[in-house]
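K.L.:
Need a 3D model of the sequence below.
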Amino acid sequence: MVDAASRLATQAMTRIEDGALATGGVDQMAEAMGISSRHLRRVVEAEYGVSPIELAQTQKLLTAKRLLTDTSLPLSKVALASGFASVRRFNALFLERYRMNPTEIRKTGLAKVASDSFVCELAFREPYDWQSILCNRCRKSSTVIWA
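P.N.:
Have a look, this model is predicted:
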């Protein structure tokens, strides 16, 4: 029972990452979890130091930041793809949290990729054998970048 609050906060975080607050508010999420919204807010704040809404906003911003730096999608599509209902709110939250507008963030990381290319970043831990999963063509290709 000692770590019940921590497990509850982790469960809340998982639901937030899965978009629980995009379709409903904190009250609906708490009801679905079988607790009061006050208790949910208290547990999440104690575990992560922010409210459930701020966690959801941070998730959206991280997704948007990744899309801005790794793609050439228009800003309006980045805003919608990362879960913002409006471009205005997207811009306002970016300025508030990062003290930069989305265009400035894009300039810091956008790499030019040929239109006929596909860039895929995969995380892994050693001793994963990358060479064994690549096809023969990929093993010989100069376009495969090892980090």
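
K.L.:
Pass me the low-pLDDT residue ranges in this structure, would you?
P.N.:
Residue ranges of the chain with pLDDT under 70: 1-2, 109-122, 124, 130-131, 134-147.

K.L.:
Recalculate using a threshold of 80.
P.N.:
1-3, 108-147 (pLDDT under 80).

K.L.:
Can you get me the centre-to-centre distance for the lengthiest helix in it and its chain?
P.N.:
The longest helix of the chain (DSSP state H) is helix 52-70. Offset of helix 52-70 from its chain centre (Cα atoms, centre = their mean, to the nearest Å): 5 Å.

K.L.:
That one - contacts with which helices or strands?
P.N.:
On a contact count with 3 or more Cβ pairs under 8 Å, 6 or more residues apart in numbering; DSSP states H and E, helix 52-70 meets helix 4-17, helix 20-23, helix 26-33, helix 37-48, helix 75-81, helix 87-98, helix 102-109. C-betas here are computed from N, CA, C, even on glycine.

K.L.:
Kindly provide the distance from the spatially most central residue of the chain to L21.
P.N.:
What sits nearest the mean C-alpha location of the chain, by Cα atoms, centre = their mean, is T63, with 3.7 Å. Using Cβ to Cβ, to the nearest Å, T63 is found at 14 Å from L21.

K.L.:
Please apply the same query to A9.
P.N.:
Counting by Cβ to Cβ, the gap between A9 and L21 amounts to 15 Å.

K.L.:
returning to what we had before: the helices and strands packed on helix 52-70 into CSV, with extra columns for mean neighbour count and distance to L55?
P.N.:
Below are those laid out as CSV (neighbours: other Cβ atoms under 10 Å; distance: least, Cβ to Cβ, whole Å):
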stretch, mean neighbour count, distance to L55
helix 4-17, 16, 5
helix 20-23, 16, 8
helix 26-33, 16, 10
helix 37-48, 17, 6
helix 75-81, 17, 19
helix 87-98, 15, 13
helix 102-109, 14, 20
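
K.L.:
Figure out which of these is closest to A123.
P.N.:
When the helices and strands packed on helix 52-70 are compared by Cβ to Cβ, helix 4-17 sits nearest A123, at 16.3 Å.
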